[in-house]
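Asks: Okay, sequence plus prediction incoming.
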Amino acid sequence: MQQTSEITHRLRARTFTCMGTVISLTVPTDAHKAPQAASDELEAATAVVERLFTELDSIFSLYRPDSEASRLVRGELALPAASAEMRARYEQAAEWRLLTEGAFTPERPDGALDLSGIVKGHAIREAGMSLLALGMANWCLNAGGDVLVSGSPSPGTDVPWRAGIVDPADRRTLLAGFPLGGGFSAPSLAPAGLAPLSGKTADGGTRVALATSGSAERGDHIWSATAGAVEFLQVSVAAADVVTADVLATAIVAGGVSMLNRATAMWDVEALAVRANGELLATGGFRR
């Protein structure tokens, strides 16, 4: 008779607050490893992630009067004279505006530059690159409900991480769960930022990122690209790249059903959309 294998790993997590939300890093650690050593490794990794988020927030936050973003909005700084980081994220956002036919835009309705729709996803991906560079193969990074994973919560197995999606009508309730990663796949972290149109996911089909946009996490902060009432209260997108997931979730909330159809036709993603009346629209991956 086959015996159940002994559980040799336990999950440990650390959190911090930045960009107006809570960021958490969860890793599986060997249950037989000295607790202090495991704790020190996690603390060091979390410090790297926090430093990266903090540096990006100091550039892009519109709530910090001394940030580059605030200076741009006030007209004290012109975009051509801004930092390379600012110009790169603007270029990336402008490309996404073309790809989504204006559903995703780097400007607010009043014309002010606002790159918050792409910066968090970029920060998550950069943090993931840093974790992989540290030699960490198994982890889950969650920034306000936008998730990127690598490997498995049970290293050496194909057990996936499971991301929960909050019900926008009751934040104490999970609307759905979605498996991410599993096995030995690493996240897609190509620096260019734009995932290829159509085709398979970069890692052969495994989703390693999930992003949710809507009012549940930070209230109404997305401006609609369509006339009339917003069609979706919340949209979640699973993809092989966290920036793709984040941008498309925002674009679908802004662009409604037409953008949902465009996104699922042009990109290899899964989507779950919550209509204003509570009705769900889901692609096959979420229905399964």
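Replies: Sure thing, it's come through. Bear in mind the structure is a predicted one, so any value in this text is a computation, not a measurement.
Asks: all contacts plus neighbour counts: C-alpha atoms, from now on.
Replies: OK.
Asks: Run through the strands of the stretch 51-200 of the chain in chain order.
Replies: 139-143, 146-150, 161-167, 170-180 (DSSP state E, counting those that start in this stretch).
Asks: Of the ones you listed, which stretch is the most buried?
Replies: strand 146-150 (a mean of 29; mean count of other CA atoms under 10 Å).
Asks: Packing partners of it?
Replies: helix 116-133, strand 139-143, strand 209-214, helix 242-266 (3 or more CA pairs under 8 Å, 6 or more residues apart in numbering; DSSP states H and E).
Asks: can you redo the strands of the stretch 51-200 of the chain as CSV with distance to Arg207?
Replies: Shown next, in CSV, are the strands of the stretch 51-200 of the chain (distance: least, CA to CA, whole Å):
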stretch, distance to Arg207
strand 139-143, 13
strand 146-150, 9
strand 161-167, 10
strand 170-180, 5
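Asks: Which of these sits closest to Thr26?
Replies: strand 139-143 (5.1 Å; CA to CA).
Asks: Need the contact partners of that closest one.
Replies: Applying CA atoms under 8 Å, 6 or more residues apart in numbering, the contact partners of strand 139-143 are 21-28, 120, 124, 128, 147-153, 161.
Asks: Let me know which of the helices and strands packed on strand 146-150 is the nearest to Gln36.
Replies: Closest approach to Gln36 among those (CA to CA): strand 139-143, 18.6 Å.
Asks: The closest one vs strand 146-150, what angle?
Replies: 170 degrees (axes from the mean of the first three to the mean of the last three CA atoms, to 10 degrees).
Asks: relative orientation of strand 139-143 and helix 116-133 in degrees?
Replies: Using the same axes, to 10 degrees: strand 139-143 against helix 116-133 is 160 degrees.
Asks: now the strands of the stretch 51-200 of the chain as JSON lines including mean pLDDT?
Replies: As requested, the strands of the stretch 51-200 of the chain are exported to JSON lines (pLDDT from 0 to 100):
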{"stretch": "strand 139-143", "mean pLDDT": "97"}
{"stretch": "strand 146-150", "mean pLDDT": "97"}
{"stretch": "strand 161-167", "mean pLDDT": "94"}
{"stretch": "strand 170-180", "mean pLDDT": "92"}
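Asks: Which of the ones you listed sits closest to Val235?
Replies: Per CA to CA, nearest to Val235 of the strands of the stretch 51-200 of the chain: strand 161-167, 9.6 Å.
Asks: what packs against the closest one?
Replies: strand 170-180.
Asks: Could you tell me which strands the strand it packs on is paired with, and in which direction each runs?
Replies: strand 161-167 (antiparallel) (DSSP bridges).
Asks: distance between the strand it pairs with and the chain's centre?
Replies: 13 Å (CA atoms, centre = their mean, to the nearest Å).
Asks: Name the residues that touch it?
Replies: 140, 145, 147, 149, 152-153, 172-182, 210, 212, 216, 236.
Asks: which stretch among the strands of the stretch 51-200 of the chain comes nearest Val269?
Replies: So among the strands of the stretch 51-200 of the chain, strand 170-180 is nearest, using CA to CA, at 12.5 Å.
Asks: how far off strand 209-214 does that closest one point, in degrees?
Replies: Using the same axes, to 10 degrees: strand 170-180 against strand 209-214 is 150 degrees.
Asks: low pLDDT regions in the protein?
Replies: 1-8, 31, 183-205, 215-229 (pLDDT under 70).
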